[in-house]
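Participant: Provided below for reference: sequence and predicted model.
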Amino acid sequence: MNVDSLLHRWPHTTGALWCAAALVVSIVLACAVRRVRSHRSYQRDPLRVFSQQDKATVSAWCGGRCEHKPLLLPRCRARGTAGDHLVPHSKGGPTTLENLQMLCTRHNLRKSNKTPSRLYLYRLAARRHAYFPDGQPRLPRR
Ligand SMILES: [Zn+2]
């Protein structure tokens, strides 16, 4: 390979390198922005734990059972002992009656601080239509 052939290829090679570098930089920036957004601090409700009265109220409405229902299976039959934030407290979910769902220990641990999908919330609201009293909010406001 002589110098003339290198000089002849130079413009095409650098163009491809610049495109690859620009692609890598844009991917890295997109990942950084996504990471910052996922770690942003939410405005948290100063009240962290549901009151015993709120838990007793919702527990009575749902028959003392866990409110989790898998997509194709019947509703969980275990006792709903844990008051869970539907929208997690760590993600700005309020400690209010409409953001409370009763879960068994297993489903509470499994849910952790995940935000439920729109489908899950829709299905929960539809189920709560049967056992929540009229006029009570069935889901937290988004
Ligand atoms: Zn359960």
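Facilitator: Nice, thanks for sending it over.

Participant: make it CA atoms for all contacts and neighbour counts henceforth
Facilitator: Fine.

Participant: Show the model's pLDDT score for His39.
Facilitator: We have a pLDDT of 61 for His39.

Participant: backbone phi and psi for the residue positioned nearest the centre of the chain, please?
Facilitator: Nearest to the geometric centre of the chain sits Thr115, at 2.1 Å (CA atoms, centre = their mean). Here is the backbone geometry of Thr115 (degrees, to the nearest 10): phi -80, psi 130.

Participant: got it, and Val58?
Facilitator: phi -70, psi -40.

Participant: gap between the closest residue to Lys91 other than its chain neighbours and Val87?
Facilitator: For Lys91, ignoring the flanking residues on the chain, the nearest one in space by CA to CA, 6 or more residues apart in numbering is Tyr42 at 5.7 Å. Separation of Tyr42 from Val87 (CA to CA, to the nearest Å): 12 Å.

Participant: When those two are compared, which one has more neighbours?
Facilitator: Val87 (23 against 11; other CA atoms under 10 Å).

Participant: circling back to that earlier point, so the residue nearest to Lys91 makes contact with Pro88?
Facilitator: No: taking CA atoms under 8 Å as the definition, Tyr42 is not a contact partner of Pro88, at 10.6 Å.
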